[in-house]
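[1] everything below, folded, please.
(one chain, ligands or ions: 1)
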Amino acid sequence: MKTAAGSTLIFNGQLVDGTGAAAVPHAAVLLQEGYIRYAGPAAGCPPVDGQCERIDARGGTILPGLVEAHFHATYFNVAELQDLDIKYPVEYVTLLASVNCRLLLECGYTSARSGGCLFNCDHWLREAIESDLIQGPRLATSGREICSAGGLMDWNPGFRKIGMEGLVFIINGVDEARAAVRSLVKDGVQWVKTYPTGDAAAPDTNDHHTLCMTFEEMHAVVQTAHNHGMKVTGHCRATQGIKNALRAGYDTIEHGTFMDDEALDLLLARNVPCVPALYFEKASVLRGPEFGLSQAVIDGHQETLEGGTASALKILRAGGRIGLGGDYGFGWNPHGDYAREITFFVREVGFSPLEALTCATKTGAEILQRGDELGTLQPGKLADVLVVDGDVLKDISILEDRSRFIAVLQGGIIKAGQLAQRIPAHVPGIG
Ligand SMILES: [Zn+2]
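    The predicted structure follows:
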């Protein structure tokens, strides 16, 4: 991905630098050649010359580009489980995913870690984004997911005589677990997404207290993935599934819904980040009836919402790491609503705005394994910056309204927001 030439001064705003430090009023951020040179009180900013571009934050907020820590580029208007894999052909899924990547960036998210995708779309989206052919987040990729036979993701009944080739490797035992990971190695993905547990979406056979992989299978996934430099995560709701994942060496935990004290100790022992993805549960409860979800499914989502909320607060208060994002792309939780996650954590989980923003920036970058170059506004880091018209610490929900974004920058280049309008459309030639 290209970085900006020259320098840009962002002035007349408060600075929320993503480290968790208190906001700096009357701040300035100086970008040079795509990297941050200075971020702090305006009075301490190095002098700039007449060539320097200027962005007036209009008394609003200057913060790091947001990080979606559980992004599904290939999910679109999913209304039932089957929509995840057999609704559209891969050609159309690829186009939709490209649109979703662009939308994520417009919503202020300059980076994302995938929570799983169809076929190998993520890898090639990343390729196109990094080559500046399309616009989107700096993407940490996943690929086809891994689940044991009969588990949550193995939902097509046998009489349909179709597998799950595009979405999931259905495995039996450690040999097939290793074989699945080895296929992903060849696909070039960075993260292996697994299904240690079920979900409220499947109340009859794979509910949120059901295990969908054995410890041995999970351990085989981790050993094989780590051997090839890949990271492993998993959909973990049931308490025992969380513990299995942590003992097997998972690098992050998705959801971490029903955490008991032992699970929390295991999480903290290796400081493993957890991505609760709670607004999806809230949306499932609020809008489930409209989309025909059964009462059993809605009740399960309510239990998940309550358990996940308590666990997320427990993790943060115990000094653990929480990443924000999650599962946008369902009919009742559509792409574009990403920042509702942040609002939910402030208004309904009990995080302070600064805590939630640190989770949505610094911790997100750490999940991407890029904490040294992204996630905070500090000298030497890439200039991925969000400039918002308004005080997001007073009203966190401003982040849900992208019409309030003055600029979304990646590597110092304005990619979205009001100021992007003045930039001619960049259509690179493909030679
Ligand atoms: Zn997900």
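[2] tell me the confidence at S98?
    In this model, S98 is scored at 97, pLDDT.
[3] V16 touches G60, doesn't it?
    No: contact criterion C-beta atoms under 8 Å: V16 and G60 do not qualify, at 10.6 Å. From N, CA and C alone the C-beta is placed, and that goes for glycine too.
[4] more neighbours: those two, which one.
    V16 (28 against 20; other C-beta atoms under 10 Å).
[5] what sits against the more buried one?
    Contacts were defined as C-beta atoms under 8 Å, 6 or more residues apart in numbering; by that measure V16 touches A23, T61, I62, L63, L354, L357, V392, L393.
[6] partners of the third one in the sheet?
    Per DSSP bridges, residues listed as beta-bridge partners of I62: L15, V387.
[7] how near is it to N100?
    Look at I62 and N100: by C-beta to C-beta, to the nearest Å, they are 26 Å apart.
[8] quick check: closest non-adjacent residue to V78.
    F330 (4.6 Å; C-beta to C-beta, 6 or more residues apart in numbering).
[9] what does the stretch 251-400 of the chain have sitting close to the ion?
    Selection of the stretch 251-400 of the chain residues close to the ion by C-beta under 5 Å from the ion yields D327.
[10] for the stretch 51-200 of the chain, what lies in contact range of the ion?
    G115.
[11] which stretches of the stretch 201-350 of the chain form strands?
    231-236, 253-255, 274-275 (DSSP state E, counting those that start in this stretch).
[12] confirm L103 sits in a strand?
    No: applying DSSP: H, G, I helix; E, B strand; the rest coil, one finds L103 to be helix, outside a strand.
[13] and C147, how many residues sit next to it?
    With other C-beta under 10 Å as criterion, C147 counts 28.
[14] that one in helix, strand or coil?
    strand.
[15] more neighbours, I62 and N100?
    I62 (27 against 24).
[16] so what's that one up against?
    With C-beta under 8 Å, 6+ apart, I62 has these contacts: 10, 13-16, 27, 29, 39, 377, 385-388.
[17] separation between the spatially closest residue to D391 that is not a sequence neighbour and P89?
    Closest residue in space to D391, ignoring its immediate chain neighbours: T61 at 6.1 Å, by C-beta to C-beta, 6+ apart. According to C-beta to C-beta, T61 and P89 sit 42 Å apart.
[18] with neighbour numbers in mind, choose between the two.
    T61 (25 against 9).
[19] got the contacts of I62 as TSV, with distance to D204 columns?
    Shown next, in TSV, are the contacts of I62 (distance: C-beta to C-beta, whole Å):
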residue	distance to D204
I10	53
G13	52
Q14	51
L15	51
V16	45
A27	54
V29	53
A39	53
L377	48
V385	48
L386	43
V387	49
V388	45
